[in-house]
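>>> Take this sequence and fold it.
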Amino acid sequence: MRKMSKLKWFLYVSAALLVVIPISVALMSDHATFSAAFSHTVISIAMILVILGKVMTILEKRRENKRFEPDVGAVIGLSIVLVFSLIF
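I've put the predicted structure just below:
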């Protein structure tokens, strides 16, 4: 595996853990609550990590002359969701 692929998967796993760990803590505990600001921040950071991973995928596919249009669509869609979530 190349260095960029390892970094890409690290970003994806980190994003998943950022979402899963607080959810599991809240589900396992009777008194654990998280503020809306904390939840919003964690989800935004996770989305940024996924966007960075997708950008790395685009760069890899572009270098290998493979189709990367679905990845561009995913980056655009996630970016729009991130911007709207930051605005509202």
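>>> Would you point out which residue is most central in the protein?
Geometric centre of the chain, nearest residue: Val50, 2.7 Å, by CA atoms, centre = their mean.
>>> Work out for me the element it sits within.
Using DSSP states H and E, Val50 sits within helix 36-63.
>>> Dump the helix or strand just after that helix to PDB, keeping only the CA atoms.
Following helix 36-63 in sequence order, the next helix or strand is helix 69-87 (DSSP H and E). C-alpha atoms of helix 69-87 as PDB (Å, rounded to 0.1, in the frame of the first residue of the first chain):
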ATOM      1  CA  GLU A  69     -16.300  11.900 -11.400                       C
ATOM      2  CA  PRO A  70     -18.200  10.100  -8.700                       C
ATOM      3  CA  ASP A  71     -15.600  11.200  -6.100                       C
ATOM      4  CA  VAL A  72     -15.800  14.800  -7.300                       C
ATOM      5  CA  GLY A  73     -19.600  14.600  -6.900                       C
ATOM      6  CA  ALA A  74     -19.100  13.300  -3.400                       C
ATOM      7  CA  VAL A  75     -16.700  16.100  -2.500                       C
ATOM      8  CA  ILE A  76     -19.000  18.700  -3.900                       C
ATOM      9  CA  GLY A  77     -22.000  17.200  -2.100                       C
ATOM     10  CA  LEU A  78     -20.200  16.900   1.300                       C
ATOM     11  CA  SER A  79     -18.900  20.400   0.900                       C
ATOM     12  CA  ILE A  80     -22.300  21.800   0.300                       C
ATOM     13  CA  VAL A  81     -23.700  20.000   3.300                       C
ATOM     14  CA  LEU A  82     -20.800  21.200   5.400                       C
ATOM     15  CA  VAL A  83     -21.300  24.800   4.300                       C
ATOM     16  CA  PHE A  84     -25.000  24.700   5.000                       C
ATOM     17  CA  SER A  85     -24.400  23.100   8.400                       C
ATOM     18  CA  LEU A  86     -22.000  25.900   9.300                       C
ATOM     19  CA  ILE A  87     -24.400  28.600   8.100                       C
END
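>>> All set now, cheers.
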